[in-house]
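[1] following is a predicted model, sequence given first.
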Amino acid sequence: MDLKNKRVTVIGLGNSGLNAALLLRKVGARVSATDSRDTPEVRRAAAALKEKGIDAETGGHTKDLIKGRDLIVISPGVEDSSPAIIWANELKVPVIGEMELGFNYCPGRIIAITGTNGKSTVTSLIGEILKNAGFDTVVCGNIGNSLSGEIDKIKDGTWVVLEVSSFQLERIVDFKPHIALILNMEDDHRDRYRTLDEYFKEKLKIFSNQDERDMLVLNYDSENLRDIGKAARSRVLFYSKRCENRSLLFDPSTLDMRLKGLHNLENVLASVLVGILCGARRGSIMKTVKEFEGLRHRFETVGTIEGVEYVDDSKGTTVDSTRRALESCKRPVILIAGGKDKNSDYSAVRAMVKDRVKSLVLIGEAKAKIRAALGGLVDTREAKDMAAAVRTARDIASYGDIVLLSPMCSSFDMFRDYKERGDVFKEAVSQL
């Protein structure tokens, strides 16, 4: 992709957009940027671009920044309904995503990880496995800094471990990972996609450009993934936590790991398989798995008070992720749930709630919808904020119970992000 002297506009000034604009400037493009928001963070990004001589507008889009452009680069959060995208389509200006831009300037070998749940844990663990095996490794994407922002660190032979969302896959053209990994696909983002099939279609783009030199890794235990490999031109490999599958490279029961939960067993198996495919020695892989403590806010025990264990699973932003968390709890659970609804079907977790949950404590905008779907199954209460929810859970809990924050919702009704939500939960627990 030669963009020297080309007129390019970047839409969105979060991490992805800011890094895309800086990369475009570096490769010689004539760059402009625009964001419909006018927050302090966006204003800081715009000021940083202006210092580099890049025109940046905030608080709305103007058609002049779309008209006459050779290319539009969008951030993952920008939807097709954005006026800027509508104008680009009307004017027949090509539109790509930030990840596609980064791919075109990336000399390394990409391992792309997607799925509804577990992406960040697997991306981090694969990164640790490869670094500890002595490989030059860069971890980026949806987990932290965008691909465009890491290009300067990537060389020929670097393994680029990239967490990929469906939003990022919407606008790919040539994006082609050497190893594509799909962990699972469950109902999610119904606030963005009209149907489940539409969401799945975007996820499956991760291997659409692969060829016979590439590899596609799939979770055999996720039934809706077993057959999709038939459409792949790449080499397809499966992993499974079920020991009766005798084609496994190793017995999952032999793994020595700190991570708790059946869902994390799947995550570790996926990471181990990718490590083997990249050439890491098994001894080194197993040592990394044994020492890996997981990520904050992912089924993380934050304390035990009077025999009650408090677990932060704030990253559990989908119904399926909460189902997986409950599946890993072998003792009665007081479940704190709720937040900003993503048009989710909470009834999908009814059986697990009935089996594992002692009481529900609901917070946030979605509490009425969750109560309607699950409230008749168990004792259900509501709380005005996280601190009140934790105190209510403490009052209900008995010795040996688990108080689990696993919201099934995004955090944006009450918090900046899931990290802040988890931190507020931890602080409330520390105050008990």
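    Alright, I've got the coordinates.

[2] okay, CA-based contacts and neighbour counts for the rest of this
    Will do.

[3] how about Lys315, what does it touch?
    Taking C-alpha atoms under 8 Å, 6 or more residues apart in numbering as the criterion, Lys315 is in contact with 297-298, 406, 418-419.

[4] and it, how close does it get to Gly339?
    Distance, Lys315 to Gly339, using C-alpha to C-alpha, to the nearest Å: 12 Å.

[5] ok, back up a step: the contacts of Lys315: which two are farthest apart?
    Greatest spatial distance among those (C-alpha to C-alpha): Ser406 and Lys419, at 12.5 Å.

[6] neighbour count winner among those two?
    Ser406 (28 against 15; other C-alpha atoms under 10 Å).

[7] spit out the contact partners of the residue most central in space within the chain.
    The centroid of the chain falls nearest to Lys119 when counting by C-alpha atoms, centre = their mean (5.2 Å). In this structure, Lys119 makes contact with 113, 163-164, 183, judged by C-alpha under 8 Å, 6+ apart.

[8] go again with 10 Å.
    Contacts for Lys119 (C-alpha atoms under 10 Å, 6 or more residues apart in numbering) come out as 112-113, 125, 142-143, 162-165, 181-184, 267.

[9] cool, and Ile86?
    Applying C-alpha under 10 Å, 6+ apart, the residues near Ile86 are 63, 66, 79-80, 92.

[10] so which of the residues you listed wins on neighbours?
    Ile66 (27 neighbours).

[11] state the mean pLDDT of the longest helix seen in the chain.
    In the chain, taking DSSP state H as the definition, the longest helix is helix 262-278. Mean pLDDT, computed over helix 262-278, is 90.

[12] which strands and helices sit next to it?
    Applying 3 or more C-alpha pairs under 10 Å, 6 or more residues apart in numbering; DSSP states H and E, one finds that helix 262-278 contacts strand 109-114, helix 119-132, strand 179-182, strand 215-219, strand 235-239, helix 282-291, helix 319-327.

[13] how about these, which one is nearest Ile370?
    helix 319-327 (10.6 Å).

[14] now the angle from that closest one to helix 262-278?
    Angle, helix 319-327 to helix 262-278, by axes from the mean of the first three to the mean of the last three C-alpha atoms, to 10 degrees: 110 degrees.

[15] phi first, then psi, for the closest residue to Ile363 other than its chain neighbours.
    Spatial nearest neighbour of Ile363, excluding adjacent residues (C-alpha to C-alpha, 6 or more residues apart in numbering): Gly338 at 4.9 Å. Main-chain dihedrals, Gly338, degrees, to the nearest 10: phi 120, psi 160.

[16] for Leu374, give its distance to Tyr346.
    Distance from Leu374 to Tyr346, counting by C-alpha to C-alpha: 7 Å.

[17] ditto for Lys92
    41 Å.

[18] Ile11 now?
    34 Å.

[19] Asn142 too?
    Applying C-alpha to C-alpha to Asn142 and Tyr346 gives a distance of 25 Å.

[20] of the two, which one has the most company?
    Higher neighbour count among Asn142 and Tyr346: Asn142, with 22 against 19, using other C-alpha under 10 Å.

[21] contacting residues for Glu202?
    165-172, 193.

[22] where are the low-confidence patches of this protein?
    187-193, 243-254, 261 (pLDDT under 70).

[23] and Asn343, which of the three is it?
    Under DSSP: H, G, I helix; E, B strand; the rest coil, the three-state class of Asn343 is coil.

[24] gap between it and Phe200?
    Counting by C-alpha to C-alpha - Asn343 and Phe200 are separated by 16 Å.

[25] cool, and Ile66?
    From Ile66 over to Phe200 (counting by C-alpha to C-alpha), the distance is 30 Å.

[26] same question for Gly102.
    Distance from Gly102 to Phe200, by C-alpha to C-alpha: 23 Å.

[27] more neighbours: those two, which one.
    Shown here are Gly102 and Phe200; by other C-alpha under 10 Å, Gly102 has more neighbours (22 against 19).

[28] now that one, nearest residue through space, not along the chain?
    Ser148 (4.3 Å).

[29] Val173 reaches Glu100, doesn't it?
    Yes: assessed by C-alpha atoms under 10 Å, Val173 is found in contact with Glu100 at 6.8 Å.

[30] so what's the nearest residue to Arg43 once chain neighbours are set aside up against?
    Excluding the flanking residues, the one nearest Arg43 by C-alpha to C-alpha, 6+ apart is Thr58, at 7.0 Å. Residues in contact with Thr58 (C-alpha under 10 Å, 6+ apart) are 12-13, 33-39, 42-43, 45-46.

[31] let's see 6 Å
    Residues near Thr58 by C-alpha atoms under 6 Å, 6 or more residues apart in numbering: 34-38.

[32] how close does it get to Thr34?
    From Thr58 to Thr34 the distance is 6 Å (C-alpha to C-alpha).

[33] can you check Ile336 too?
    39 Å.

[34] how about Glu163?
    Look at Glu163 and Thr34: by C-alpha to C-alpha, they are 25 Å apart.

[35] same deal with Gly127?
    Distance check for Gly127 against Thr34: by C-alpha to C-alpha, it reads 33 Å.
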